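Chemist: Prediction below, plus the sequence it came from.
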Amino acid sequence: MPRYLVTIDGSEYDIEIDYAATDLNVKVNGRAVRVIRSELQSSRSLLLIEGASLEVDVRSNGYDARRTVFTKGLEIEALIEDYNLAQLRKTAGMSVGPAMEKIVRAPMPGLVLDLKVAPGESVTKGEPLLIIEAMKMENVIKAQGDGVIKEIAVTAGQSVEKSDKILEFE
């Protein structure tokens, strides 16, 4: 029976899944939960969890264990790891995924519309850093992790090219 360690907003959930036809016998932190699943598309499913209907869309964030779960109008960041590998990683004192890059680069060419942070300011993961306009769309550049702003290499109104340095963390 597959077992996973799912981490959402710092809370960990030990999840075991026994796949039996459309019914899934699931244990969440040791508590049995009956789930009926209907696949809608490759990443979308309709779940009936103890009588409550829930549509979920789970998307990969690249090649690591991070996933984005869309449900009830919410976007939830989740880390889904094999339980045994997660325990081994924790025992070895290793973190998940690559370390946060110290230098943030422009993901696209555009115009810096607004700076949301200043040097010396502490930011948390997901917090807006700045807004770049590209192709008449505003793109919010968010912090990929917690840190302190060391330097801002751009100003509002400045044009940037893809991969230009826009700011640096300490």
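Modeler: Arrived safely, thanks for sending. Numbering: from 1, shown residues only.
Chemist: C-alpha from now on. contacts and neighbour counts both.
Modeler: Will do.
Chemist: For the residue nearest the centre of the chain, which three-state class applies?
Modeler: For the chain, the residue nearest the mean C-alpha position is residue 77 (3.7 Å; Cα atoms, centre = their mean). At residue 77 the chain is in strand, as set by DSSP: H, G, I helix; E, B strand; the rest coil.
Chemist: Residue numbering should commence at 35 henceforth.
Modeler: Okay, using 35 as the starting number, the last item reads as residue 111.
Chemist: Give the bridge partners for it, please.
Modeler: residue 102 (DSSP bridges).
Chemist: chain center to stretch 188-196, what's the gap?
Modeler: Stretch 188-196 has its C-alpha centroid displaced from the chain centroid by 26 Å (Cα atoms, centre = their mean, to the nearest Å).
Chemist: With stretch 59-70 instead?
Modeler: Distance of stretch 59-70 from the chain centroid (Cα atoms, centre = their mean) equals 24 Å.
Chemist: these two touch, right, residue 138 and residue 188?
Modeler: No: counting by Cα atoms under 8 Å, no contact exists between residue 138 and residue 188, whose distance comes to 11.3 Å.
Chemist: Now stretch 41-60: average pLDDT?
Modeler: Averaged over stretch 41-60, pLDDT sits at 86.
Chemist: Span of that stretch from start to end?
Modeler: 17 Å (Cα to Cα, to the nearest Å).
Chemist: Can you give me the buried ones in that stretch?
Modeler: For stretch 41-60, the neighbour count (16 or more other Cα atoms under 10 Å) marks 41, 47, 48, 49, 50, 51, 58, 59, 60 as buried.
Chemist: Residues touching that stretch, excluding its own?
Modeler: By Cα atoms under 8 Å, 6 or more residues apart in numbering, the surrounding residues in contact with stretch 41-60 are 35-40, 61-64, 66-72, 110-114, 117.
Chemist: among the residues you listed, which are in helices?
Modeler: residue 117 (DSSP state H).
Chemist: If any of the contacts of stretch 41-60 are buried, put those into a ChimeraX selection.
Modeler: Those of the contacts of stretch 41-60 that count as buried under 16+ other Cα under 10 Å are selected in ChimeraX with:
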select :37,38,39,40,61,62,69,70,71,111,112,113,114,117
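Chemist: can you put the buried residues of stretch 41-60 in a markdown table and add secondary structure and distance to residue 196?
Modeler: Formatted as a markdown table, the buried residues of stretch 41-60 follow (DSSP: H, G, I helix; E, B strand; the rest coil; distance: Cα to Cα, whole Å):
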| residue | secondary structure | distance to residue 196 |
| --- | --- | --- |
| 41 | strand | 33 |
| 47 | strand | 39 |
| 48 | strand | 41 |
| 49 | strand | 41 |
| 50 | strand | 43 |
| 51 | strand | 43 |
| 58 | strand | 45 |
| 59 | strand | 47 |
| 60 | strand | 45 |
